[in-house]
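Asker: My questions concern the predicted model and sequence given below.
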Amino acid sequence: MIFLAIETATSRQSLAIFQDQALLGYVECEGHRSLTPQLIPAIHELLEKVSLNVANLQGLVLSIGPGTFTGLRVGLATMTAFRLALGIPLVGVSTLEGLAWNLPQADLPIVSTVAIRPGMVYWGLFRWQQESLVCLKPDQIGNISEVCASLSEPTIVLGDGWIRHKESLDQSNRSIVEGPSEAIWPSAKGIGRAGRVLLEQGQCLAEGCSPRYIQPSYAKIPTPSASLQNLSK
């Protein structure tokens with residue numbers, strides 16, 4: 001299956017084309033420019049780069065959230081239009097899960113983070129078990145200092161939530177293992193790897209669906225004593 005994957009939920013948007021498990025091509029959008037006028041031209045640029053056209057696409061994958069309001073809306077609207085025009089399946093991947101797929105088969109648990117505002121992040125905890133990615137802590141909102149301080153075993157930390165705050169965090173915490181540079185940012189590569197599994201399973205997004213937002217009004221922001229302790233269990 002040839003499919004297009006996009007990551008528009010964060011400050012570093014990107015696109016990737018896959019054929020089954022093989023990555024055919026990858027491009028990043030310009031972060032200092034508005035995403036809306038960039039996305040369609042970037043898709044066509046990527047298709048030309050790998051000598052394909054829109055009609056060759058057999059599936060679509062996008063990061064469904066959590067993330068920025070505008071990025072999620074633009075990504076979902078664009079991919080929905082392609083879905084309707086081409087009559088092909090569309091699946092949505094958690095932005096945090098997609099980050100963990102940047103490191104397939106990692107030996108250590110992975111904390112994925114997406115920045116919200118100073119000190120605060122979306123985060124989730126994952127571990128690879130027998131070639132499957134298991135979610136140990138689902139998408140939620142938390143303080144990055146408390147998340148990192150609560151790690152009880154060496155854990156890989158990924159995402160712009162970590163990158164934006166790492167200078168102010170306790171660098172002596174030996175449980176924090178910074179992810180490799182090629183995997184630390186949210187990327188359409190990880191979104192595509194995760195999305196391929198969903199496409200094969202037929203887990204398509206419902207028509208008229210909305211991005212996955214996690215708002216403070218209904219997200220249970222954990223306390224250090226309650227749910228931030230023993231993250232690795």
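Answerer: Noted; the coordinates are in hand.
Asker: going forward, measure contacts between C-alpha atoms and count neighbours the same way
Answerer: OK.
Asker: Report the residue ranges of every domain in the protein.
Answerer: 2-94+187-201, 97-178 (automatic domain parsing).
Asker: Let me have those domains in TSV, extended by mean pLDDT.
Answerer: Converted to TSV, the domains of the chain look like this (pLDDT from 0 to 100):
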stretch	mean pLDDT
domain 2-94+187-201	94
domain 97-178	93
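Asker: residue closest to the middle of the chain?
Answerer: Taking Cα atoms, centre = their mean, the centroid of the chain lies closest to T95, which sits 2.6 Å from it.
Asker: ranges for the strands of the chain?
Answerer: Taking DSSP state E to define them, one finds strands in the chain at 2-7, 14-19, 22-28, 59-65, 90-94, 110-117, 120-129, 132-143, 155-158, 176-178.
Asker: okay but the residue nearest to the centre of the chain is in contact with G71, surely?
Answerer: No - shown here, T95 and G71 do not form a contact pair, counting by Cα atoms under 8 Å, at 11.8 Å.
Asker: who touches both of these two?
Answerer: The contact sets of T95 and G71 overlap at A9 (Cα atoms under 8 Å, 6 or more residues apart in numbering).
Asker: Spatially, which residue comes closest to L99, not counting chain neighbours?
Answerer: P186 (5.4 Å; Cα to Cα, 6 or more residues apart in numbering).
Asker: err, T36, not the other one
Answerer: Closest residue to T36 apart from its sequence neighbours, by Cα to Cα, 6+ apart: V74 at 6.4 Å.
Asker: Enumerate every residue touching P89.
Answerer: 58-60, 83, 199, 202, 204.
Asker: same check, this time on I2
Answerer: Counting by Cα under 8 Å, 6+ apart, I2 has contacts 17-20, 56-59.
Asker: That one and V50: what is the separation?
Answerer: Going from I2 to V50 by Cα to Cα, to the nearest Å gives 11 Å.
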